[in-house]
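# Build me a model from this:
(one chain, ligands or ions: 1)
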Amino acid sequence: MNTPPSTMFAVVQTQDGYSGTATGPVLEDAAEWLSEAELPVPAPGPGQVLIRLRAASVNPSDIHFIKGEYGQPRVKGAAAGFEGCGDVVATGAGAEVLNGQRVAFVAAGAGAWAEYVVTQAMMCIPLRPEISDEDGSAQIVNPMTAIAMVDIARNAGEAFIVSAATSQLGKLMCSLGCDLGLKPIAIVRRADAVDSLKDLGAHEVLVTSNPDMPKKLTDLCHALKPRVFLDAVADQISEQVFCAMPNGARWVCYGKLSPDLPKLTQMGQMIFMGKQIEGFWLTKWMTTTPPTDQMRVVAEVQARFADGRWKTDVADRLSLRNVVSELAHALKKSDGKVIITP
Ligand SMILES: NC(=O)c1ccc[n+]([C@@H]2O[C@H](COP(=O)([O-])OP(=O)(O)OC[C@H]3O[C@@H](n4cnc5c(N)ncnc54)[C@H](OP(=O)(O)O)[C@@H]3O)[C@@H](O)[C@H]2O)c1
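Purely as a prediction, here's the structure:
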């Protein structure tokens, strides 16, 4: 194995801490938040590995993060990017078992948008050979969240509701729900996505801009009694969906794609109908879920990608050196991930 060089190209954060804004995971110009740098290649400490990047996927959390709107503070001058896949080229004490392996990884403190990244060995998953680098680069954050959240839904009945269903995560949840014999009710804002989501496994697809959407939703809630709403949008339409759901319904907010804040309009929903509003964050799930359950989820994720039941839709590909100039434009393309390669 080649010895890593002493320096590497990286796309770094230009600001520290939190911004105090809530403008959502959209960019007009990535140069407002990111710049290019030549950094020292980091050395892995105990329990850590050094990975040579093959591919990184761009998630909404990456954009929230660089804008200072995520659940952890930015570090000016440090590489951005949470998720990717690559080859382990050096290990710290206790992580030797991963040496030479191709792994999917999450860099908990960010750093994936660089030629090399250090992360904890426990945040790496050795990849089966059938899994491509692009699927490997989006193997943890969305797929594990999909399984964890559909687990919440399947314990509460047959039907469940998914917003932003054209997102990668929404599509994974619709197909998984269908495979499990459940009835995912998908909510989208693009009418042209209805057929493809039904093909993927959505039982019904509601388009938010259709005037008959509230009536259709009410009818579906009476007929199918969905008690879990897996919501990544969290706007006023989400609140209306929650209010239309039956007794005991749970509004599980796991994303904030819309910059608009919802207003609660009916407190009796909680008092008399026993409904709840809660959050889901994979980071918390990973620290509170027993290792055996996490291993079951990891194995299921890899099996689904390996046999083709799941795939990563790709909207655009950028090299690391084009991220600052082209990321904002690439993110405007619908229906797939932006994948970054070294
Ligand atoms: N809490 C957690 O642990 C966790 C873990 C993973 C992901 N997430 C969250 O899950 C969500 C989806 O992630 P992803 O990677 O699957 O996203 P993605 O593939 O990048 O897709 C996001 C899609 O959402 C739709 N969208 C964007 N803004 C919207 C809005 N204001 N209203 C309605 N739809 C909107 C767009 O689709 P159209 O253009 O087709 O409408 C967009 O392509 C994000 O909010 C992410 O932060 C949370």
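# Please make it C-alpha for all contacts and neighbour counts, starting now.
Will do.
# now the strands for the stretch 51-200 of the chain?
Assigned by DSSP state E, counting those that start in this stretch, the strands in the stretch 51-200 of the chain fall at 83-91, 102-106, 116-120, 124-126, 159-162, 183-188.
# quick check, the fifth one touching the ligand?
It stands for strand 159-162. No - taking Cα under 6 Å from any ligand atom as the criterion, strand 159-162 and the ligand are apart, separated by no less than 10.5 Å.
# Contacts for that strand, please.
153, 170, 173-174, 182-187, 224-231 (Cα atoms under 8 Å, 6 or more residues apart in numbering).
# In helices, which of those residues appear?
Assigned to helices by DSSP state H, the following of those qualify: Ala153, Gly170, Met173, Cys174, Leu224.
# What distance do you get for Val314 to Val297?
In this view, Val314 and Val297 are 23 Å apart by Cα to Cα, to the nearest Å.
# cool, Ala328 as well?
33 Å.
# wait, isn't Asn142 in contact with Gly170?
No - applying Cα atoms under 8 Å, one finds Asn142 not in contact with Gly170, separated by 9.1 Å.
# neighbour-wise, which of the two wins?
Taking neighbours as other Cα atoms under 10 Å, Asn142 and Gly170 compare with Gly170 leading, 25 against 19.
# Quickly list what Cys253 is bridged to.
Cys253 has the following beta-bridge partners by DSSP bridges: Asp231, Gly279.
# count of neighbours near it?
Neighbour count for Cys253, taken as other Cα under 10 Å: 19.
# any idea how far it is from the ligand?
As judged by Cα to the nearest ligand atom, to the nearest Å, Cys253 and the ligand stand 8 Å apart.
# thought that residue was touching Ala232?
Yes - assessed by Cα under 8 Å, Cys253 is found in contact with Ala232 at 6.1 Å.
# and Asp87, how many residues sit next to it?
As a burial measure, Asp87 scores 20 neighbours (other Cα under 10 Å).
# Identify the residue spatially nearest to it, adjacent ones excluded.
Nearest residue to Asp87, sequence neighbours excluded (Cα to Cα, 6 or more residues apart in numbering): Arg102, at 4.4 Å.
# Tell me how many other residues surround the one you found.
When neighbours are defined as other Cα under 10 Å, Arg102 has 24 of them.
# pLDDT weak spots in the chain?
Applying pLDDT under 70 to the chain flags residues 1.
# Nearest to the spatial middle of it, which residue is it?
Centroid-nearest residue in the chain, with Cα atoms, centre = their mean: Asn142, separated by 3.9 Å.
# Can you report how many residues neighbour Ser334?
Neighbour count of Ser334, defined by other Cα under 10 Å: 13.
# For it, which residues are in contact?
Contacts of Ser334 (Cα under 8 Å, 6+ apart): Ala315.
# mind checking which helix or strand it is in?
Assigned by DSSP states H and E, Ser334 falls within no helix or strand.
# related to what we said a few turns ago, which of the strands of the stretch 51-200 of the chain sits most buried?
For the strands of the stretch 51-200 of the chain, the largest average neighbour count (mean count of other Cα atoms under 10 Å) is found in strand 102-106, namely a mean of 28.
# That one - contacts with which helices or strands?
Judged by 3 or more Cα pairs under 8 Å, 6 or more residues apart in numbering; DSSP states H and E, strand 102-106 is in contact with strand 83-91, strand 124-126.
# From the contact counts, what lies against the last one?
What it means is strand 124-126. Contact partners of strand 124-126 among helices and strands, from 3+ Cα pairs under 8 Å, 6+ apart: strand 102-106.
# ok, the strand it packs on: who's next to it in the sheet?
When sheet partners are counted by DSSP bridges, strand 102-106 sits next to strand 83-91 (antiparallel), strand 124-126 (antiparallel).
# Show residues contacting the first one.
So that's strand 83-91. Here strand 83-91 makes contact (Cα under 8 Å, 6+ apart) with 1, 3-4, 44-45, 47-58, 98-107, 110, 112, 133, 136-138, 140-141.
# so which of the residues you listed also contact the ligand?
Checking the contacts of strand 83-91 against the ligand by Cα under 6 Å from any ligand atom, the ones in range are Val141.
# What subset of the contacts of strand 83-91 is buried?
Among those, those scoring as buried are 4, 44-45, 48-58, 98-99, 101-107, 110, 112, 133, 136-138, 140-141 (criterion: 16 or more other Cα atoms under 10 Å).
# Using the centroid of this protein, identify the residue furthest from it.
Phe272 (33.9 Å).
# Gln266 versus that one, what's the distance?
Distance of Phe272 to Gln266, computed by Cα to Cα: 10 Å.
# now swap in Pro126 and tell me
Distance of Pro126 to Gln266, computed by Cα to Cα: 48 Å.
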